[in-house]
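> I'd like to go over a predicted model; first the sequence, then the structure.
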Amino acid sequence: MSQNPCIICVAITGSVPQKADNPAVPITVSEQVESTHEAFEAGASICHAHVRNDDGSPSSDPEKFARLKEGLETHCPGMILQFSTGGRSGAGKERGGHLPLSPDMASLSVGSNNFPSRVYENPPDLVDWLAQEMLTYDVKPEIEAFDLSHIHQAAAMFAKGKIAQTPYVQFVMGVKNAMPVDRETFDFYIQTMARLLPESPWCAAGIGAGQLTINEWAVAAGGHARCGLEDNVRLDKTTLAPSNAALVTRVVDICAKHDRTVASTAEARKILGLRPAA
Ligand SMILES: [Zn+2]
């Protein structure tokens with residue numbers, strides 16, 4: 001085992017990309033299970049998931065999340081399941097309707113910011129309610145840092161006991177109208193983590209063409225990496241990614257270049273302080 005294995009998270013579906021953008025985007029639960037299984041075999045240890053209606057529109061249906069969980073537990077044993085609480089901005093508590101299923105993890109946005117064509121609303125009372133539900137159902141949050149203030153907010157919530165264990169923080173860069181893919185900011189995020197949350201591991205996600213850049217930066221800097229069709233549907237300007245697994249393989253190659261092993265699901269669970277696999 002290397003000193004610092006890299007956890008690869010695959011964000012399989014999201015709430016935005018459609019088959020028209022890339023036919024490999026998995027929409028139905030069975031497509032999601034198949035796509036995740038390929039990504040799992042390629043080296044992903046976390047599956048970040050949203051669910052969709054059959055017409056491709058975003059859904060918060062806990063029953064769909066339950067079917068996805070069952071399928072992934074069967075086909076990807078040990079894989080860490082992370083459900084999104086972010087995809088239905090404006091939907092209020094519906095966003096946490098799947099938390100009673102006790103997925104290993106769930107994403108948690110702790111502040112608001114702009115998205116490409118709207119405000120991504122995360123009012124303090126909703127953030128606190130989602131965090132409390134995660135404590136109740138033993139779900140580890142992954143804090144989505146769309147902004148520097150979100151790292152400070154994670155540290156403040158941890159200090160008040162609103163987040164159990166050490167927070168796992170993800171830097172998100174390259175969302176239009178939010179934080180761009182900016183090297184100096186990225187380095188400052190890392191410094192801020194070391195100062196405010198020195199025990200916490202961190203990961204990073206880049207949107208669109210920024211995915212590859214952020215994967216490179218995160219792996220080289222000792223962090224963990226997120227990829228997948230939710231954030232980016234292309235391998236390069238002219239080539240669509242054939243699958244989620246293809247984007248995972250790209251991160252595996254980056255890890256090799258930087259002498260890092262890819263975390264197994266057991267290693268990832270240890271690093272994140274998660275319960276053993278169901
Ligand atoms: Zn997501």
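Now that the structure is in, tell me what you want to look at. Numbering: from 1, shown residues only.

> for the residue most central in space within the chain, helix, strand, or coil?
Nearest residue to the geometric centre of the chain (C-alpha atoms, centre = their mean): residue 48, 4.9 Å. Using DSSP: H, G, I helix; E, B strand; the rest coil, the structure places residue 48 in strand.

> for the residue lying closest to it once chain neighbours are set aside, give me phi and psi.
Excluding its sequence neighbours, the residue lying closest to residue 48 (C-beta to C-beta, 6 or more residues apart in numbering) is residue 11, at 4.2 Å. Any C-beta I mention is one placed from the backbone N, CA and C, and that applies to glycine too. In terms of degrees, to the nearest 10, the main-chain angles of residue 11 are phi -100, psi 100.

> make sure residue 198 is indeed in a helix.
No: remark: residue 198 does not belong to a helix; assigned using three-state DSSP, it is coil.

> mind listing what it touches?
Shown in contact with residue 198 (C-beta atoms under 8 Å, 6 or more residues apart in numbering): no residues.

> same question, residue 215
Counting by C-beta under 8 Å, 6+ apart, residue 215 makes contact with 204, 206, 225, 227, 250, 251, 254.

> helix or strand: which one has the nearest residue to residue 232 once chain neighbours are set aside?
Closest residue to residue 232 apart from its sequence neighbours, by C-beta to C-beta, 6+ apart: residue 211 at 3.9 Å. Following DSSP states H and E, one finds residue 211 within helix 210-220.

> pull the CA atoms of the helix or strand that comes right after that helix into CSV?
Per DSSP H and E, the first helix or strand lying C-terminal to helix 210-220 is strand 224-227. The C-alpha coordinates for strand 224-227 follow below in CSV (Å, rounded to 0.1, in the frame of the first residue of the first chain):
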residue,chain,number,x,y,z
HIS,A,224,-8.4,12.9,-4.1
ALA,A,225,-10.1,13.1,-7.5
ARG,A,226,-13.6,13.3,-9.0
CYS,A,227,-14.4,12.6,-12.6
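
> now do strand 224-227: which elements does it pack against?
Of the remaining helices and strands, those touching strand 224-227 by 3 or more C-beta pairs under 8 Å, 6 or more residues apart in numbering; DSSP states H and E are strand 8-11, strand 202-206, helix 210-220, helix 244-257.

> tabulate these (JSON lines), appending mean pLDDT.
Listed next are the helices and strands packed on strand 224-227 as JSON lines, based on pLDDT from 0 to 100:
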{"stretch": "strand 8-11", "mean pLDDT": "98"}
{"stretch": "strand 202-206", "mean pLDDT": "98"}
{"stretch": "helix 210-220", "mean pLDDT": "98"}
{"stretch": "helix 244-257", "mean pLDDT": "98"}
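
> quick one: the strands in this protein, in order.
Shown for the chain, the strands assigned by DSSP state E span residues 8-11, 46-49, 51-52, 58-59, 80-83, 105-109, 113-114, 119-120, 140-145, 168-173, 202-206, 224-227, 234-236, 239-240.

> in a markdown table, list these along with distance to residue 184.
Listed next are the strands of the chain as a markdown table, based on distance: least, C-beta to C-beta, whole Å:
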| stretch | distance to residue 184 |
| --- | --- |
| strand 8-11 | 25 |
| strand 46-49 | 27 |
| strand 51-52 | 37 |
| strand 58-59 | 34 |
| strand 80-83 | 29 |
| strand 105-109 | 23 |
| strand 113-114 | 19 |
| strand 119-120 | 24 |
| strand 140-145 | 16 |
| strand 168-173 | 12 |
| strand 202-206 | 14 |
| strand 224-227 | 20 |
| strand 234-236 | 25 |
| strand 239-240 | 30 |
